[in-house]
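Colleague: sharing a sequence plus its predicted fold:
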Amino acid sequence: MYWNQQKECMAREELENLQLKRLQKTVEMAFHNVPHYRRVFQAAGVDPSEIESFKDLEKLPFCRKQDLRDNYPYDMFAVAMQEVVRIHSSSGTTGKPTVVGYTRKDLNTWSELMARSLMSAGVQRQDVIQNAYGYGLFTGGLGVHYGAEKIGASIIPISGGNTGRQIMIMKDYGSTVITCTPSYALYLAESIEENGIKLSDLKLKIGIFGAEPWSENMRKEIEQRLSLKAIDIYGLSEIIGPGVAVECQEQNGLHVMEDHFLMEIIDPETVEVLPEGERGELVFTSLTKEALPIIRYRTGDITRILPGACACGRTLRRIGRIEGRSDDMLIIRGVNVFPSQVEHALLQMGEVEPHYQLVVERHGQMDMLEVQVEISETTLFDEVRSLEDLANRIRHNIESVLAVSVKVKLVEPKTIPRSEGKAKRVIDRRKL
Ligand code: DLL
């Protein structure tokens with residue numbers, strides 16, 4: 001099922017011609033309308049007219065979150081404020097938030113991309129979508145909302161939180177699709193079980209989860225506990241919001257909306273562009289955006305481009321699951337550790353709850369990583385030896401994946417904080 005088969009299944013050559021034309025236009029427009037781009041292009045000694053091929057893109061400097069912060073709030077906009085019809089922003093947990101703007105055409109593009117994403121996930125007009133992504137400055141809620149309206153599905157704009165009401169509505173309104181973060185999906189599953197609601201009382205078929213890293217084992221867990229097909233959706237506010245890339249029914253990589261975004265994978269250290277298949281940091285250049293054109297934006301997200309064609313027929317290239325953010329990556333005694341690797345190792349065992357947190361501390365010169373894991377209600381508390389044995393097995397499993405020694409602490413059920421949006425997986429006490 002496609003929303004726009006012509007664009008989603010375009011011949012590669014035709015797609016690349018379109019991309020190049022759009023790239024040239026975007027670079028030209030950014031140069032003329034955004035003082036920041038003009039400054040940095042000139043400092044790099046490059047003129048927009050020099051962009052004659054994709055290779056020439058490498059002449060252009062990267063854009064980083066800091067550039068958006070330095071131009072806070074509106075100085076990266078390429079249009080006058082009367083053309084801007086919507087403003088969103090990132091949460092800004094670290095420093096100033098970044099502000100993003102949309103023209104009417106940008107909103108149409110975004111709705112189109114979300115309509116494609118929802119259909120790629122298997123959503124149809126007759127579906128009832130319970131949209132539990134937060135509405136507001138966060139792009140998740142309104143992004144899904146307008147895509148759903150575009151395809152004509154019924155959307156319930158419930159937003160995040162209020163888990164009791166979520167479950168009541170899910171049951172009474174017969175929601176067939178749930179959209180939220182994967183960690184909140186798990187929290188919903190847990191509450192459904194606690195409330196004695198049977199999966200047969202629900203009509204869920206599809207879950208569209210994103211906005212935070214998750215693992216293949218987390219997918220299995222959610223699919224089983226909510227009895228649905230779980231689809232991964234990716235995006236970021238600086239690029240447009242959700243709908244930059246999404247899985248199809250094959251659940252084997254996320255198709256990037258390449259007719260609107262040009263992607264590169266770079267080595268985050270050397271910033272060299274890497275060949276297809278190699279793992280590195282994802283970089284995007286917008287190809288059609290008006291209000292906030294973005295050139296070579298370093299997302300901080302780590303993944304790789306998957307080689308080969310997809311059985312679904314889409315010619316848009318796929319990226320692998322986001323493995324983590326470069327700034328989420330912990331360096332423990334010189335070893336790179338992503339929380340998602342720990343999640344994968346933990347859930348593989350099937351004996352613990354998928355709720356965990358990583359706590360990093362510095363003892364003298366030594367970094368210590370403690371993995372806190374919830375045991376399930378059924379694990380016997382009084383059997384100290386079997387708990388010890390479980391902790392040892394978990395430790396062994398994680399150490400064999402990470403190649404760094406860790407401490408495992410089993411904690412009681414329901415003690416790790418649940419999240420209604422993005423989960424906080426890492427507590428780094430080294431900086432305190
Ligand atoms: O999280 C947009 C979004 C909303 C995506 C709803 C999917 C669903 P930001 O708040 O700007 O935007 O955060 C963007 O979240 O750089 C990634 O690090 C992370 N992220 C988003 N989707 C995924 C995903 C939205 N599917 C940042 N897997 C990105 C892993 C993801 N990480």
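Modeller: Happy to help now that I have it.

Colleague: which element is Leu171 on?
Modeller: No Leu there; residue 171 is Lys. Secondary-structure assignment from DSSP states H and E places Lys171 in helix 163-172.

Colleague: what residues of that helix count as buried?
Modeller: For helix 163-172, the neighbour count (16 or more other Cβ atoms under 10 Å) marks 163, 166-167, 169-171 as buried. From N, CA and C alone the C-beta is placed, and that goes for glycine too.

Colleague: just put those in JSON lines and tack on distance to Gly101 and pLDDT.
Modeller: Shown next, in JSON lines, are the buried residues of helix 163-172 (distance: Cβ to Cβ, whole Å; pLDDT from 0 to 100):
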{"residue": "Thr163", "distance to Gly101": "33", "pLDDT": "96"}
{"residue": "Gln166", "distance to Gly101": "31", "pLDDT": "98"}
{"residue": "Ile167", "distance to Gly101": "36", "pLDDT": "98"}
{"residue": "Ile169", "distance to Gly101": "32", "pLDDT": "98"}
{"residue": "Met170", "distance to Gly101": "34", "pLDDT": "98"}
{"residue": "Lys171", "distance to Gly101": "39", "pLDDT": "98"}
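
Colleague: distance check, the nearest residue to Glu290 once chain neighbours are set aside against the ligand.
Modeller: In this structure, Glu290 finds its nearest non-sequential neighbour in Thr103, 4.3 Å apart by Cβ to Cβ, 6 or more residues apart in numbering. Separation of Thr103 from the ligand (Cβ to the nearest ligand atom, to the nearest Å) stands at 19 Å.

Colleague: contact partners for Thr103?
Modeller: Going by Cβ atoms under 8 Å, 6 or more residues apart in numbering, Thr103 touches 79, 83-85, 290-291.

Colleague: among the residues you listed, who's most crowded?
Modeller: Neighbour counts for the contacts of Thr103 peak at Ala291, which has 24 neighbours (criterion: other Cβ atoms under 10 Å).

Colleague: contacting residues for that residue?
Modeller: Contacts of Ala291 (Cβ under 8 Å, 6+ apart): 77-79, 83-84, 100-103, 106.

Colleague: could you pick out the residues of the stretch 1-150 of the chain near the ligand for me?
Modeller: Within the stretch 1-150 of the chain, the residues that sit near the ligand (Cβ under 6 Å from any ligand atom) are 90, 133, 138-140.

Colleague: buried residues, the helix or strand hosting Arg385. List them.
Modeller: Per DSSP H and E: Arg385 is located in helix 384-402. Using 16+ other Cβ under 10 Å as the burial criterion, the residues of helix 384-402 that qualify are 390-391, 394, 397-398, 402.

Colleague: for stretch 242-250, same thing?
Modeller: Buried, per 16+ other Cβ under 10 Å, within stretch 242-250: 242-248.

Colleague: is any part of that stretch close to the ligand?
Modeller: Yes. For stretch 242-250, a contact with the ligand is found by Cβ under 6 Å from any ligand atom, at Pro242.

Colleague: other residues contacting that stretch?
Modeller: 110, 113-114, 116-117, 120-122, 133, 139-140, 143-144, 147, 208, 210-211, 231-236, 253-257, 261, 284, 310-312, 314, 318-319.

Colleague: repeat that with 7 Å
Modeller: With contact meaning Cβ atoms under 7 Å, 6 or more residues apart in numbering, stretch 242-250 is reached by 110, 113-114, 117, 120-122, 139-140, 143-144, 147, 210, 231-236, 253-257, 261, 310-312, 314, 319.

Colleague: cool, and stretch 162-177?
Modeller: 123, 127-130, 132, 156, 158, 187-188, 191-192, 195, 197, 201-206, 208.

Colleague: quick one: that stretch to chain centroid distance?
Modeller: 24 Å (Cα atoms, centre = their mean, to the nearest Å).

Colleague: keeping just the C-alphas, turn that stretch into CSV.
Modeller: Taking C-alpha atoms only, stretch 162-177 is exported to CSV below (Å, rounded to 0.1, in the frame of the first residue of the first chain):
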residue,chain,number,x,y,z
ASN,A,162,-3.3,9.9,31.5
THR,A,163,-2.8,6.2,31.1
GLY,A,164,-6.1,5.2,32.7
ARG,A,165,-8.0,7.3,30.2
GLN,A,166,-5.8,6.0,27.3
ILE,A,167,-6.8,2.5,28.1
MET,A,168,-10.5,3.3,28.5
ILE,A,169,-10.6,5.0,25.2
MET,A,170,-8.6,2.3,23.5
LYS,A,171,-11.2,-0.2,24.6
ASP,A,172,-14.4,1.8,24.2
TYR,A,173,-13.5,3.6,21.0
GLY,A,174,-12.0,0.5,19.4
SER,A,175,-8.7,2.0,18.5
THR,A,176,-7.0,0.0,15.8
VAL,A,177,-3.7,2.0,15.7
